[in-house]
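S.K.: Coordinates for the following, if possible.
(chains A and B)
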2 protein chains.
Amino acid sequence: MTAAPAALLPSLLAGRAGGFRPSPVRDFWEVSMEPDVISLAGGNPDLSVLPLDALADVAARAVARDGLDVLQYGSGTGTAGTREAVARTMAAEGIHVDPAHVQVTAGSQMALDLVVKLLCDPGDVVLAEGPTYVGALGLFAGMQVDVVHVPMDADGIVPTGLEETLVRVRAEGRRVKALYTIPNFNNPSGVTLAAERRPEVVRICRAAGIAVIEDNPYGLLSFDGSSTPSLHALDPDNVIYLGSFSKVVAPGLRVGWAVAPEAVRRPLQLASEATTICPSVLSQALVEQYVLHHDWPSVLDRARKLYATRAAAVLGALAHSAPDGVTWSVPRGGFFTWVSLPEGIDVHRVLDAAIERRVVFVPGSAFHADGGGTRQLRLAYSLEQEDVLADGVRRIMGAIEDIAATS
Amino acid sequence: MTAAPAALLPSLLAGRAGGFRPSPVRDFWEVSMEPDVISLAGGNPDLSVLPLDALADVAARAVARDGLDVLQYGSGTGTAGTREAVARTMAAEGIHVDPAHVQVTAGSQMALDLVVKLLCDPGDVVLAEGPTYVGALGLFAGMQVDVVHVPMDADGIVPTGLEETLVRVRAEGRRVKALYTIPNFNNPSGVTLAAERRPEVVRICRAAGIAVIEDNPYGLLSFDGSSTPSLHALDPDNVIYLGSFSKVVAPGLRVGWAVAPEAVRRPLQLASEATTICPSVLSQALVEQYVLHHDWPSVLDRARKLYATRAAAVLGALAHSAPDGVTWSVPRGGFFTWVSLPEGIDVHRVLDAAIERRVVFVPGSAFHADGGGTRQLRLAYSLEQEDVLADGVRRIMGAIEDIAATS
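M.R.: Residues are numbered from 1 along each chain as shown, chains lettered A, B, ... in the order given. Below you'll find the predicted structure:
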């Protein structure tokens, strides 16, 4: 070969290539896997509630009886049964959609990838809560979309802050395409957008001429079984809804979906086919059978109670052991609480000290596109037992206390 | 709401949105599903060779015994077992890779999506065989990549034609990023790039400073079990290899992979995580168990013989019934033969006449980005029985004959 081996490919990379960055969890991933380390970092669902034997039967029957279908290429929009299961799942949260309007995807992350492909040219701006989902930030960065955060408080996005942000960003000559929001039990903040703010948020976006991307993986996981009306229902023509079976069935199947307004439904399907032809048909068969024909609501109920108890353990431990100046959000569902540190304490120092005490969490900076979050951290309570969670919280609070004492 | 419902979203679409276009198969999809219609259109593998009961057992055991793993989020690069299965699969074709260099994806279509994300800015050019895979053309168009076809003959890409195309495109001031090629049993042409041309093709690309994307879903499906040395082996630092279990195991699982040179391995992984977090872990478990622990080679052998017999049926029927001036490629593996019509006969007229005779195929224009292929068509022999295939070919040839007689 004539040229230097390593020199060529890097010179060919596209503008996007540098934007796909490692997850901030990766830095301490290996530490978090050590057996004596307590992890409040990952946001994995607890699958111990699943009826594995029943699911194994479903999988075996799907392959043995319908193998020529579930192992073959499937519909680009998803199977009819899966779309029906999606409609059923959304109805459990009080959201009513026509199964024909559902686009099944290989996880809701891929649904977001498709929406970004359809809506965002390089340099376009998407507004998002600050903090917001780290995986969305990674995708936006890779796809050369600039994220600008919108102020939020304990009731979610502040409508006047949304309006002010829009005005400011546009005054800079930038083109805003959408508001990306996780309105229920936000990852990472645990905060829910108050019902009374929702019509206002949707109205502001429409009036400003931007779309809403409503990402709702946790909506069914309220601790008390209640739900808040979706943004999608408030303006179905301007809200692209993203849903996921990852938190309420199983993430390893990689089945998510989008419900898009008519204007983008067909391009969304075409983009999905161009990206992955169809989602795993076997995975879809499992979701369909499980959601439509098993006692899924009672499993979900057990999961809700499990997460509620764990959240209570974390909040209780925080109340008992948090040093002065530490505050936290009080989630009513989902997997996370968001902790703020006292003035002058950097979260990365706390993380180092926490790792010494054999406990990990994700620093708040991971959830900001603008360098924010250095005085915050996310605690995930979805996967550990209560006593372990409480122990983890106490260790972190101890680390903060030590740092505060020497600052 | 203040604005007109439908007016907003279309005004927000990105440059990509118009590029994702319907598959040309869609136009006559419904016709092709009617029971009396013979389809030589779709390129689905025949799954009747699969040991469904054994696969059902594998699926059941994966869920019942390892459910907490296979239903949970998995590694962003793919599971260790699947990467091992990929290495084993490639070794069966004489290609040796380190499992650590394998990026598992949700089908090889998604692997191509990731490579395009990493390599291609809007307006960049990718060279490709004319004709080439319709799904790649759809993705390139959606991602605003311009495709320029390279001349090919019965031995695949013509090296001097590749060089001339590069010079011409660059003289137009356009930036060429890669050659995309399906070197074995090309979809749609059935043509294989001759072994003696391969070093030359790889050398030309490197000398010209462009990468090679080697898409090889059919390489293991030679009729006689032989294989041709891969482009990847000839220049592992400049060839990005895409592989798929869709044609040799099952497409409904959606498991494919990329083997990328070191320079893009990490960005590829990050782009994959940003696009879909991880491929279906359940699907990966099936692939892993099946490839590593079942008598997969003998199933593959049966598939090879099945496709060889069907190809022979189609080629025999062509030899017996093709009117003067009709020519076709003679595949030595894969799913397709490529038929050229006599001068002056447009393939879309033939398709209309064929549908009247209750037989469908994909017109050659689907496989060209430049309006070419109007005098060609693709015949797929992967899914129908021999007598049905022969009947289908005779009907198409009859249609051509009628059109030729009245032209």
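S.K.: can you map out the strands along the stretch 101-250 of chain A?
M.R.: Per DSSP state E, counting those that start in this stretch, the stretch 101-250 of chain A carries strands over the ranges A:102-105, A:125-129, A:146-150, A:152-153, A:156-157, A:176-181, A:211-215, A:239-244.
S.K.: In JSON lines: the ones you listed, plus mean pLDDT, distance to chain B and mean neighbour count.
M.R.: Backbone N, C-alpha and C define where each C-beta goes, glycine included. Converted to JSON lines, these look like this (pLDDT from 0 to 100; distance: least, C-beta to the nearest C-beta, whole Å; neighbours: other C-beta atoms under 10 Å in any protein chain shown):
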{"stretch": "strand A:102-105", "mean pLDDT": "98", "distance to chain B": "8", "mean neighbour count": "28"}
{"stretch": "strand A:125-129", "mean pLDDT": "98", "distance to chain B": "11", "mean neighbour count": "26"}
{"stretch": "strand A:146-150", "mean pLDDT": "98", "distance to chain B": "14", "mean neighbour count": "19"}
{"stretch": "strand A:152-153", "mean pLDDT": "96", "distance to chain B": "23", "mean neighbour count": "16"}
{"stretch": "strand A:156-157", "mean pLDDT": "98", "distance to chain B": "18", "mean neighbour count": "26"}
{"stretch": "strand A:176-181", "mean pLDDT": "98", "distance to chain B": "5", "mean neighbour count": "25"}
{"stretch": "strand A:211-215", "mean pLDDT": "98", "distance to chain B": "6", "mean neighbour count": "28"}
{"stretch": "strand A:239-244", "mean pLDDT": "98", "distance to chain B": "8", "mean neighbour count": "27"}
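S.K.: Of all these, which one comes closest to A:Phe20?
M.R.: Ranking those by proximity to A:Phe20 (C-beta to C-beta) places strand A:146-150 first, at 14.6 Å.
S.K.: Neighbouring strands of the closest one in the sheet, and parallel or not?
M.R.: Applying DSSP bridges, strand A:146-150 is found paired with strand A:125-129 (parallel).
S.K.: CA-only coordinates of the strand it pairs with, as PDB, when you get a sec.
M.R.: What follows is strand A:125-129, C-alpha atoms only, in PDB (Å, rounded to 0.1, in the frame of the first residue of the first chain):
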ATOM      1  CA  VAL A 125     -31.100  24.600  17.900                       C
ATOM      2  CA  VAL A 126     -33.200  22.300  20.100                       C
ATOM      3  CA  LEU A 127     -34.300  23.600  23.400                       C
ATOM      4  CA  ALA A 128     -34.300  21.200  26.400                       C
ATOM      5  CA  GLU A 129     -34.700  21.100  30.100                       C
END
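S.K.: Pull the residues that contact that strand.
M.R.: Strand A:125-129 is contacted from outside by A:120, A:136-137, A:140, A:145-150, A:152, A:156-157, A:162, A:165-166, A:169, A:174-182, A:186, A:189, A:191, A:210, A:213, A:369, using C-beta atoms under 8 Å, 6 or more residues apart in numbering or on different chains.
S.K.: now the strands of the stretch 101-250 of chain A as a markdown table including distance to B:Leu318?
M.R.: Converted to a markdown table, those look like this (distance: least, C-beta to C-beta, whole Å):
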| stretch | distance to B:Leu318 |
| --- | --- |
| strand A:102-105 | 39 |
| strand A:125-129 | 54 |
| strand A:146-150 | 56 |
| strand A:152-153 | 67 |
| strand A:156-157 | 64 |
| strand A:176-181 | 52 |
| strand A:211-215 | 52 |
| strand A:239-244 | 49 |
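S.K.: out of the ones you listed, nearest to A:Leu13?
M.R.: Among these, strand A:146-150 comes nearest to A:Leu13, with 19.8 Å by C-beta to C-beta.
S.K.: and for the closest one, what are the contacting residues?
M.R.: Taking C-beta under 8 Å, 6+ apart as the rule, strand A:146-150 contacts A:123-132, A:137, A:140-141, A:157-158, A:161-162, A:165, A:169, A:174, A:176, A:179-180, A:368-370, A:372.
S.K.: the domain parsing of chain A - what is it?
M.R.: For chain A, the TED database gives the domain ranges A:9-50+A:298-405, A:73-293.
S.K.: what's the most buried one of those?
M.R.: domain A:73-293 (a mean of 22; mean count of other C-beta atoms under 10 Å in any protein chain shown).
S.K.: does the residue in the stretch 301-407 of chain A positioned nearest to chain B sit in a helix or strand, and which one?
M.R.: With C-beta to the nearest C-beta, the shortest gap between the stretch 301-407 of chain A and chain B falls at A:Leu383, namely 9.6 Å. Counting by DSSP states H and E, no helix or strand carries A:Leu383.
S.K.: State the pLDDT value of it.
M.R.: Listed pLDDT for A:Leu383 reads 94.
S.K.: cool, and A:Asp301?
M.R.: For A:Asp301, the model assigns a pLDDT of 96.
S.K.: The one 3 residues further on now?
M.R.: A:Arg304 is assigned a pLDDT of 98 by the prediction.
S.K.: If you drop the residues flanking it in sequence, what lies closest to A:Leu8?
M.R.: B:Asn238 (5.6 Å; C-beta to C-beta, 6 or more residues apart in numbering or on different chains).
S.K.: Go ahead and confirm the one you found touches B:Ala211.
M.R.: Yes: between B:Asn238 and B:Ala211 there is a contact under C-beta atoms under 8 Å: 5.8 Å.
S.K.: joint contacts of these two?
M.R.: Common neighbours of B:Asn238 and B:Ala211 (C-beta under 8 Å, 6+ apart) are A:Leu8, A:Leu9, B:Cys205.
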